[in-house]
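Mind looking at a prediction? Sequence and model below.
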Amino acid sequence: MDYIYLDHAATAPMDSRVTEAMVPVMDGVFGNPSSVHSFGRKARQQLDEARRVIAGSIHANEKEIIFTGGGTEADNLALIGTALANQYNGRHIITTEQEHHAALHTAHYLESRGFDVTYLPVDASGVVSPNAVKDALTDETILVSVMYVNNETGMIQPVKEIGEIVSGHQAYFHTDAVQAYGLLDIDVNETGIDMLSVSSHKISGPKGIGFLYAADDVKLDAIQYGGEQERKRRPGTENVAGAVGFQKAVEIMMDSKGDRNKLYAEFRDLFINELTESGVQFEVNGTAENAINSIMNISFPGTNVESMLTNLDLEGVAASSGSACTAGSVEPSHVLTAMYGENDKRTTNSIRFSFGIYNTNENVKNAAGRVAKIVERLTAKEV
């Protein structure tokens, strides 16, 4: 049986060109970037070049890029770091009910530390209203955090409109761009973004590295303690090989972004058409015209997440019930609950399929056929 990977939103396989770029660094560039001798300077040169390339991908200055251990750490640093550094201006934070747990659980933590957090709702299409952000702003608001693209539904949020609203306020605007980075054009200056989180492994780079963009004027406290790396904002010896791999993934991403967007749109249409022709009941959560091409979240009436994922795995199809951080949990999706309400069956019968470099027209069509057979089998048991 051929195994088909449709879970690229959870993690993407590393591009072979990324591996090739990293090997020479792991073999021969072992110096500490903070050391002043030639070994350290060689490592520093590699790190600085990676930072320059990555900064350019979002139209930022290289000094505004903070290397982290991934998207989760970047979200934590953005939320906790700015909350601590700016609490003298107020203790109010605005976010949404459908954020990734890396941001949502961090907001819960800040609540436990005495901060006031407003969790904005989203509509049935999975989009937060810019006017809701505007109405929620107070004189005490110091941070607004709204994700760029939802990791479960693929819905693109009105980031530019929110950025314009927040730009006239004391609050900083942070966005988790983990799912947006790689497919959408991002310009932090045009969108009014003060902070932006990204993870390398989502774009076929190495795991264990990401970055937080923080504009030069953002007041940000470190949340770890140690050396003075990353301009005193993130201590610890930098992952040079990871940064070089990340750089290569970014270069590949920038060269292929348009082609991959077209390809994933083809995959999406092919998958939906195959399900439609099979005659099984399904409904796409969200609206296709406002979704990123690489992610689909589909409700299958008469099924449940647990049985669907088990059967998909047995049939050689890798998919997800949403965030990989909640894989194995049969609890309703908090994202779909925010969209449809806690008693809606879509919160427990929906599957996320996400496309990437492991997919072809043939295996996408094949996967949709397997999905249809599984749904037919499971719903027949319900009759």
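Thanks, I have it.

Break down this structure into its helices, ranges please.
Along the chain, counting by DSSP state H, helices occupy 16-28, 38-57, 71-86, 101-112, 130-136, 159-167, 229-232, 240-278, 305-314, 334-340, 361-382.

So which of those is nearest I65?
Closest of those to I65 is helix 38-57, at 4.9 Å (criterion: C-beta to C-beta). C-beta: built from backbone N, CA, C; applies to glycine.

wait, what's in contact with M254?
Contacts for M254 (C-beta atoms under 8 Å, 6 or more residues apart in numbering) come out as S57.

before we move on, back to that, using a markdown table, lay out the helices of the chain together with mean pLDDT.
Listed next are those as a markdown table, based on pLDDT from 0 to 100:
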| stretch | mean pLDDT |
| --- | --- |
| helix 16-28 | 97 |
| helix 38-57 | 97 |
| helix 71-86 | 98 |
| helix 101-112 | 98 |
| helix 130-136 | 98 |
| helix 159-167 | 98 |
| helix 229-232 | 94 |
| helix 240-278 | 97 |
| helix 305-314 | 95 |
| helix 334-340 | 96 |
| helix 361-382 | 93 |
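
For the ones you listed, give me CSV that also has distance to S145.
Shown next, in CSV, are the helices of the chain (distance: least, C-beta to C-beta, whole Å):
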stretch, distance to S145
helix 16-28, 29
helix 38-57, 21
helix 71-86, 6
helix 101-112, 6
helix 130-136, 11
helix 159-167, 10
helix 229-232, 21
helix 240-278, 23
helix 305-314, 27
helix 334-340, 15
helix 361-382, 34
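
Of those helices, which is nearest I4?
Comparison of the helices of the chain against I4 by C-beta to C-beta identifies helix 361-382 as nearest, at 4.5 Å.

Now for A55: which residues touch it?
For A55, the contacting residues are N61, E62, E64, I65, Y213, by C-beta under 8 Å, 6+ apart.

How many residues are close by the last one?
Put plainly, it is Y213. Using other C-beta atoms under 10 Å, Y213 has 28 neighbouring residues.

Who does it form a beta bridge with?
Judged by DSSP bridges, the bridge partners of Y213 are I65, L196.

tell me the domain boundaries of this structure?
Structurally, the chain divides into domains by automatic domain parsing as follows: 4-12+257-382, 16-251.

and the ones you listed, which is most packed in?
Most buried of the domains of the chain, by mean neighbour count (mean count of other C-beta atoms under 10 Å): domain 16-251, with a mean of 20.

Quick check: end-to-end length of that one?
With C-alpha to C-alpha, to the nearest Å as the measure, domain 16-251 spans 13 Å from end to end.

Likewise for stretch 134-149?
End to end - C-alpha to C-alpha - stretch 134-149 spans 20 Å.
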